[in-house]
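1. this is a predicted model, with the sequence first.
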Amino acid sequence: MTGEASVDFRVHPDQYRHWRLACAGPVATLTMDVAEQGGLTSGYELKMNSYDLGVDIELYDAVQRLRFEHPEVAVVVLTSGKDKIFSAGANIRMLAAASHPWKVNFCKFTNETRNGIEDATAHSGQTYLAALNGTASGGGYELALACEHIMLIDDRSSAVSLPELPLLGVLPGTGGLTRVTDKRHVRRDLADYFSTRPEGISGQKAVSWRLVDEAVPRARWEETVAERARELAGRSTRPAGATGIELTPLDKTRTGEEISYPNVTARLDRDRGVAEITVRGPGRGGPASIGAVHEQGAAFWALAMTRELDDLILDLRANELELGTWVLRTAGDPQQVLAYDQLLLDAREDWLANEIVGYLKRTFKRLDVTSRSLIALIEPGSCFAGSLLDLALAADRSFQLAGVFEEADPAADPATITVGPMNLGPLPMSNGLTRLQTRYLGDEPGLAAVEKRAGEALAAEDAEQLGLVTFAPDDIDWEEEVRIAVEERASFSPDALTGLEANYRFPGPETLETKIFGRLTAWQNWIFNRPNAAGPDGALRRFGTGQRADFDRKRV
């Protein structure tokens with residue numbers, strides 16, 4: 001897209017242009033009312049509640065704030081502020097004009113937001129209810145599919161549809177096909193028909209085909225939505241009478257050479273195509289109790305660090321496309337990281353502790369699906385322990401220094417890594433396994449050997465022998481081996497590296513999430529880049545012109 005903007009993912013409800021959030025006891029209503037002239041970039045109008053990245057950034061922020069700022073909310077009703085239309089999905093003019101990288105990042109972020117909605121229902125006790133008071137097509141229906149319960153107004157005109165194939169020559173880009181079959185359990189032949197029918201399916205047929213859960217006459221609409229929200233709220237595990245914490249604005253500084261926050265810094269080396277990321281451990285001991293965590297709120301280290309890392313990942317993905325290698329470091333006291341982890345795990349019954357651990361899980365998942373080469377460097381002064389060890393386990397390669405840098409600081413303590421309770425279950429990947437289980441897939445003795453030494457500070461020789469790191473060079477070879485690894489990465493095709501990394505990062509079971517990111521997203525992005533969709537005579541560019549697309553009929 002010409003004039004594509006530098007994207008800032010920070011937003012506040014006071015700045016929302018496209019959503020309205022209203023909370024009334026256990027029920028929140030999130031109303032989509034997209035401003036037609038409020039596109040993130042120029043050249044298109046967001047008609048019929050169609051959306052672009054800016055609309056979804058607000059949605060992501062709202063989902064996060066509902067989890068942290070509104071523990072009293074048990075049900076979120078997702079609906080439209082426009083008459084007879086829920087959402088027309090992603091804006092076609094935006095997609096037709098966008099560059100391929102923009103489309104990829106847009107689809108990926110939107111997928112992650114949908115997954116976050118499902119995660120809130122599954123793990124936070126906040127059930128999402130889609131109240132479709134008008135037609136939901138394309139991405140609009142995909143948004144509804146992320147909700148636990150879907151209600152469609154039965155007014156003889158409103159329908160649900162996935163019209164991307166017949167109208168645009170592409171596929172639903174945010175999990176629609178996978179959720180129709182794997183989540184809604186729509187029969188394959190019916191799903192095939194549904195996805196080739198531009199006008200969609202409405203009324204009781206949509207119910208009988210499992211595309212929605214109920215179709216409600218307009219005369220009983222508001223009453224039935226309220227009734228269903230009360231029923232779902234009654235099943236929730238959200239705490240009664242709890243007080244939320246405010247997600248205060250991030251303290252962020254961005255220059256052409258560096259992005260910095262109090263706990264996370266990225267140095268941008270454009271000549272080498274590298275972002276050197278350092279995550280700092282807590283600067284002091286953890287609070288004495290979970291009550292003190294509530295008092296600290298957004299300043300609590302684990303939450304503050306996670307918010308900063310989340311924002312950094314999104315910033316680099318959207319705005320720094322040529323920084324293809326991310327070098328990951330940590331700095332701090334490993335024992336303090338482990339203490340913060342233990343405080344959260346001991347209080348998992350507390351709603352805030354549960355939300356912080358869940359947010360850390362989702363942020364590391366965002367790292368997993370990022371199309372950048374990840375290299376972890378474990379040096380003296382590092383704190384790759386517990387939750388922060390998962391950064392190294394997420395990397396494509398890891399280097400741990402054997403010994404110390406003799407010339408720089410011969411008296412330093414050698415670099416160690418420590419497996420903690422956080423690495424043994426609370427932070428699963430999209431495949432449902434921990435990063436340790438994924439690393440030792442098919443090697444149960446290897447995994448057992450690592451688990452046996454949990455809690456032990458492992459020097460480079462032991463870590464390498466156990467298979468926890470890739471290489472353990474000494475200080476004589478360190479600089480050269482790291483340099484070669486980084487320069488070699490920069491010499492390869494970025495497209496091939498993206499495919500390589502995506503294949504190797506998710507061995508083991510296939511889940512709804514791995515299908516969406518590993519299969520659907522990959523094929524969708526390939527299709528988006530093909531002439532049949534994006535070429536001058538393709539369906540995306542000819543949509544709305546009255547001309548039919550001119551397809552190359554060869555199957556490949």
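-> Everything's here; your move. Numbers count the residues shown, from 1 in each chain.
2. run through the residues that contact the nearest residue to residue 528 once chain neighbours are set aside.
-> If the residues on either side of it in the chain are set aside, residue 528 comes closest to residue 103, at 5.3 Å by CB to CB, 6 or more residues apart in numbering. In this view, the C-beta of every residue, glycine as well, is placed from N, C-alpha and C. When contacts are counted by CB atoms under 8 Å, 6 or more residues apart in numbering, residue 103 touches 95, 173, 525, 528.
3. now those residues: which count as buried?
-> 95, 173, 525, 528 (16 or more other CB atoms under 10 Å).
4. which one of the residues you listed is nearest residue 88?
-> residue 95 (12.0 Å; CB to CB).
5. ok, the closest one to residue 550 distance?
-> Remark: distance between residue 95 and residue 550 (CB to CB, to the nearest Å) = 19 Å.
6. which one's the longest helix in this structure?
-> Across the chain, the helix with the greatest residue count (assigned by DSSP state H) is helix 100-123.
7. ok, back up a step: and which of the buried ones among the contacts of residue 103 is nearest to residue 298?
-> Distance to residue 298 across these (CB to CB) is lowest for residue 173, with 32.4 Å.
8. separation between that closest one and residue 424?
-> Using CB to CB, one gets 35 Å for the distance from residue 173 to residue 424.
9. counting only helices, which of the buried ones among the contacts of residue 103 make the cut?
-> Taking DSSP H, the ones among the buried ones among the contacts of residue 103 that sit in helices are 95, 525, 528.
10. with respect to pLDDT, which of those ranks lowest?
-> pLDDT across these is lowest for residue 525, at 76.
11. so, low pLDDT: which residues of the protein?
-> Scanning the chain with the threshold set as pLDDT under 70 gives 1-5, 521.
12. residues contacting the most centrally placed residue in it?
-> Nearest residue to the geometric centre of the chain (CA atoms, centre = their mean): residue 112, 3.3 Å. Contacts for residue 112 were tallied using CB under 8 Å, 6+ apart; they are 60, 362, 365-366, 369.
13. can I get those residues in a markdown table including distance to residue 81?
-> As requested, those are arranged in a markdown table below (distance: CB to CB, whole Å):
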| residue | distance to residue 81 |
| --- | --- |
| 60 | 19 |
| 362 | 28 |
| 365 | 31 |
| 366 | 29 |
| 369 | 32 |
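14. who wins for neighbours among those residues?
-> The most neighbours of any of those, using other CB atoms under 10 Å, belong to residue 369, which has 24 neighbours.
15. stretch 467-482: how far from the chain's middle?
-> The chain centroid and the centroid of stretch 467-482 are separated by 31 Å, computed with CA atoms, centre = their mean, to the nearest Å.
16. that should have said stretch 466-475, apologies.
-> Relative to the chain's own centre, stretch 466-475 is displaced by 30 Å; criterion: CA atoms, centre = their mean.
17. could you do stretch 498-514 as well?
-> 15 Å.
18. coming back round to it: please flag which of the contacts of residue 112 sit within strands.
-> Where those are compared with strands, as defined by DSSP state E, there is no overlap at all.
19. so which residues of the stretch 401-550 of the chain form helices?
-> Along the stretch 401-550 of the chain, the stretches classed as helices by DSSP state H, counting those that start in this stretch are 435-439, 444-452, 460-466, 475-491, 494-504, 512-514, 521-528, 531-534, 539-542.
20. which among these is found nearest to residue 148?
-> Each of the helices of the stretch 401-550 of the chain was checked against residue 148 via CB to CB, and the shortest separation belongs to helix 512-514, namely 13.6 Å.
21. who does the closest one touch, helix- and strand-wise?
-> Using 3 or more CB pairs under 8 Å, 6 or more residues apart in numbering; DSSP states H and E as the contact test, no helix or strand touches helix 512-514.
22. roughly how far apart are residue 13 and residue 466?
-> When CB to CB is applied, the distance between residue 13 and residue 466 equals 47 Å.
23. and these two? which has more neighbours close in?
-> Neighbours around residue 13 and residue 466, counted as other CB under 10 Å, are more numerous at residue 466. The numbers are 18 against 13.
24. residue 423 versus that one, what's the distance?
-> From residue 466 over to residue 423 the distance is 13 Å, taken as CB to CB.
25. now the end-to-end length of stretch 446-465.
-> When the termini of stretch 446-465 are compared using CA to CA, to the nearest Å, they are 10 Å apart.
26. now do the contacts for residue 348.
-> 354, 357, 426.
27. I misspoke; the intended subject was residue 46.
-> For residue 46, the contact set (CB under 8 Å, 6+ apart) comprises 18, 34-39, 52, 55, 91.
28. now which of these would you call buried?
-> By the neighbour-count criterion of 16+ other CB under 10 Å, those include these buried positions: 18, 34, 39, 52, 55, 91.
29. among those, which ones are in helices?
-> In helices, judged by DSSP H, the following of the buried ones among the contacts of residue 46 are found: residue 55.
30. what's the closest of the buried ones among the contacts of residue 46 to residue 325?
-> The shortest approach to residue 325 among these belongs to residue 52, at 29.1 Å (CB to CB).
31. surely the closest one meets residue 89?
-> No: counting by CB atoms under 8 Å, residue 89 is not a contact partner of residue 52; they are 10.8 Å apart.
32. residue contacts, residue 54?
-> Taking CB under 8 Å, 6+ apart as the contact definition, residue 54 lies against 17-18, 38-40.
33. in CSV: those residues, plus distance to residue 120.
-> What follows is these, written out as CSV (distance: CB to CB, whole Å):
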residue, distance to residue 120
17, 23
18, 20
38, 25
39, 27
40, 25
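34. and these, which is closest to residue 186?
-> When these are compared against residue 186 (criterion: CB to CB), the nearest one is residue 18, at 29.5 Å.
35. so that closest one sits against residue 34, correct?
-> Yes: checked against CB under 8 Å, the pair residue 18 and residue 34 is within contact range at 4.5 Å.
36. common neighbours of these two, please.
-> Shared contacts of residue 18 and residue 34, counting by CB under 8 Å, 6+ apart, come down to 46, 51, 55.
37. what is the nearest of these to residue 161?
-> Taking CB to CB as the measure, residue 51 is the one of those closest to residue 161, at 16.1 Å.
38. can you get me a residue count around that closest one?
-> Applying the criterion other CB under 10 Å, we find 26 residues in the vicinity of residue 51.
39. surely it and residue 86 touch.
-> No: at 11.4 Å, residue 51 and residue 86 do not qualify as touching, with contact defined as CB under 8 Å.
40. got any residues that touch both of the two?
-> What both residue 51 and residue 86 touch, as defined by CB under 8 Å, 6+ apart, is the set residue 32.
41. thought residue 522 was touching residue 498?
-> No: the pair formed by residue 522 and residue 498 falls short of the contact definition of CB under 8 Å, at 9.1 Å.
42. how about residue 18, what does it touch?
-> Taking CB under 8 Å, 6+ apart, one finds 32-35, 38, 46, 51, 54-55, 58 in contact with residue 18.
43. and it, its phi and psi?
-> Summarising the backbone geometry of residue 18 under the convention degrees, to the nearest 10, its torsions are phi -120, psi -10.
44. equivalent analysis for the one 5 residues further on, please.
-> Geometry field for residue 23 lists phi and psi as phi -110, psi 130, criterion degrees, to the nearest 10.
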